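S.K.: With the input below, show me the fold.
(one chain, ligands or ions: 1)
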Amino acid sequence: MDLRVSGILASRSLTVIDETIRSAAFLYLKNLCDTYAYVVPYEELKRGIEVNGSTIHLVGPSGIWKPKACELPLSITSTFNGPYPDAITDDLLVYRYRVGGAAHRDNVGLREAFRTRTPLIYFHGVAVGKYVPVWPIFIVENRPQESSVLAAIDPAYISGGDISIPGLLDHPSETGPETNIRRYVATLTRQRLHQTQFREMVISAYSHTCVFCRLRHAELLDAAHIIPDSQPGGEPIVPNGLCLCKIHHAAYDQNLIGISPDYVAHVQPRILEESDGPMLRHGIQGMDGATIVLPRSRAHRPDPERLDRRYQQFLDVG
Ligand SMILES: [Zn+2]
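M.R.: Numbering: from 1, shown residues only. The predicted structure follows:
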C-alpha cells in the first residue's frame, strides 16, 4: 500500500473497510491519471475497483457519492456545464449541497466528512464524460446559510508522495510556512484544473483539428492561448484559444506564423525566403495566406480584438 495514503488515513477515525476502499481508490486514480494524463473518462470511474470481492464504483448517480460499503461519502463531482454552480476560488472549492435540503442524507454525509476530516475525491468535469480527479480533498468549512461546503485541495496529491511535508496534514487550519506551501500547491492544482478544462474545451470546439494544417490527432494537438495567460486578456476561455498541432503551436508562439483578425494566416517574410524540406515548404510556407479553420459555433471563434493585439506583435518581430 502507498505509505502516503495510509499515513493520511491513519489519523482519521474511519472504519477499516472505509479506509481500505479509500486507499484502493487513491491508487487506482493515480494509475488512471498516468494513463489518461489526468483527463479520465467516466466509464473508468464507473467501472470502479474490486475490494474484498465487491465492486466499488467511484462515482454514482448524484454528485455526492457514497458507495453502499462506505459509511461516509467517497467522492464529490462537478459535471461539465452542470446544474450546480460549483467554483474554485483561491485555494478552495465551493461545493453546493445537493437539492433536497440540509437534512438530505447526501448533505448529512458531507457534514460528517467535515466533522471527521475524512479524505474525499473530487471529480472536476472538464468535458462531457471527462473528469480530472483531485484527491485527497478535505472539507474545511460547512456553510449552511449558503447551502454549501468549502473543500481544500491537499498538497499530498500534487507531490505524488515524493515530497513529504511533515505535520502539514495534521494542522490544516494553522498559519505559517506550511500554510504557504499548502496555498502554493493548491494554486498549482487549480491551474491544472483550469488548464485541463481549457484544453478540452478548445480542442473540442475545433473538432480536434489544427487551425493551420487540419491535423486531427488529439495526441498531437494543443490548446494555445492567443494572449498568454500572464497578460491582461489572457483568460483560459475558448475565444482566447486556438487548436494547434505541436509544430504550429511552437511556430505561433515564436511568431513565425501569425493570424490577422480576419482569420488569415501569415508567415514571416524571412521564413518564406528560406528553402528546405517538406516540413518547411508544406507545413509552414504553404500556410501563408490561407484562412484558418474556425469552430462551428460562432461564440467559440477567436476574438478578433485579441487576434489583432497578437498580430501586432507578429508584425513587430518580423
Ligand atoms: Zn498544424
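S.K.: need the strands for the stretch 51-200 of the chain, in chain order.
M.R.: Per DSSP state E, counting those that start in this stretch, the stretch 51-200 of the chain carries strands over the ranges 54-56, 64-65, 75-78, 87-89, 92-96, 120-127, 130-143, 148-153.
S.K.: what's the last one packed up against?
M.R.: Okay, so that is strand 148-153. Applying 3 or more C-beta pairs under 8 Å, 6 or more residues apart in numbering; DSSP states H and E, one finds that strand 148-153 contacts strand 92-96, helix 105-115, strand 120-127, strand 130-143, helix 177-205. C-betas here are computed from N, CA, C, even on glycine.
S.K.: repeat for the shortest one
M.R.: When contacts are defined as 3+ C-beta pairs under 8 Å, 6+ apart, strand 64-65 sits against strand 75-78, helix 105-115.
S.K.: quick one, which of those is packed in tightest?
M.R.: Among the helices and strands packed on strand 64-65, strand 75-78 has the highest mean neighbour count (mean count of other C-beta atoms under 10 Å), at a mean of 25.
S.K.: what are the pairing partners of that strand, and which direction each?
M.R.: strand 64-65 (antiparallel), strand 120-127 (parallel) (DSSP bridges).
S.K.: Can I get the longest one as PDB, trimmed to CA atoms?
M.R.: As requested, the backbone C-alpha atoms of strand 120-127 are provided in PDB (Å, rounded to 0.1, in the frame of the first residue of the first chain):
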ATOM      1  CA  LEU A 120     -12.600  12.600  -0.300                       C
ATOM      2  CA  ILE A 121     -12.100  12.600  -4.100                       C
ATOM      3  CA  TYR A 122     -13.200  15.500  -6.200                       C
ATOM      4  CA  PHE A 123     -14.100  14.900  -9.800                       C
ATOM      5  CA  HIS A 124     -14.000  18.000 -11.800                       C
ATOM      6  CA  GLY A 125     -15.900  17.800 -15.100                       C
ATOM      7  CA  VAL A 126     -13.800  19.300 -18.000                       C
ATOM      8  CA  ALA A 127     -15.900  18.000 -20.900                       C
END
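S.K.: what comes up buried for it?
M.R.: 120-127 (16 or more other C-beta atoms under 10 Å).
S.K.: can you list the residues that contact that strand?
M.R.: 25-26, 29, 39, 45, 58-59, 73-82, 88, 93, 95, 113, 131-139, 151, 153, 193, 196-197, 199-201, 204 (C-beta atoms under 8 Å, 6 or more residues apart in numbering).
S.K.: what angle separates it from strand 92-96?
M.R.: Angle of strand 120-127 versus strand 92-96, following axes from the mean of the first three to the mean of the last three C-alpha atoms, to 10 degrees, is 80 degrees.
S.K.: Show the average pLDDT along strand 120-127.
M.R.: The average pLDDT within strand 120-127 is 87.
S.K.: now do the first one
M.R.: The average of the pLDDT scores along strand 64-65 is 94.
S.K.: so who does the closest residue to residue 98 other than its chain neighbours touch?
M.R.: Excluding the flanking residues, the one nearest residue 98 by C-beta to C-beta, 6 or more residues apart in numbering is residue 106, at 5.0 Å. Residues near residue 106 by C-beta under 8 Å, 6+ apart: 62-64, 66, 73, 97-98, 100.
S.K.: 10 Å instead?
M.R.: 60, 62-66, 73, 76, 97-100 (C-beta atoms under 10 Å, 6 or more residues apart in numbering).
S.K.: Could you identify which of those residues has the most neighbours?
M.R.: residue 76 (28 neighbours; other C-beta atoms under 10 Å).
S.K.: Per-residue pLDDT of it, please?
M.R.: 94.
S.K.: now do residue 208
M.R.: Confidence score, pLDDT, at residue 208: 95.
S.K.: Next to the ion, which bits of the chain? Give me the list.
M.R.: When proximity is defined as C-beta under 5 Å from the ion, the chain approaches the ion at 210, 212-213, 215, 245, 248.
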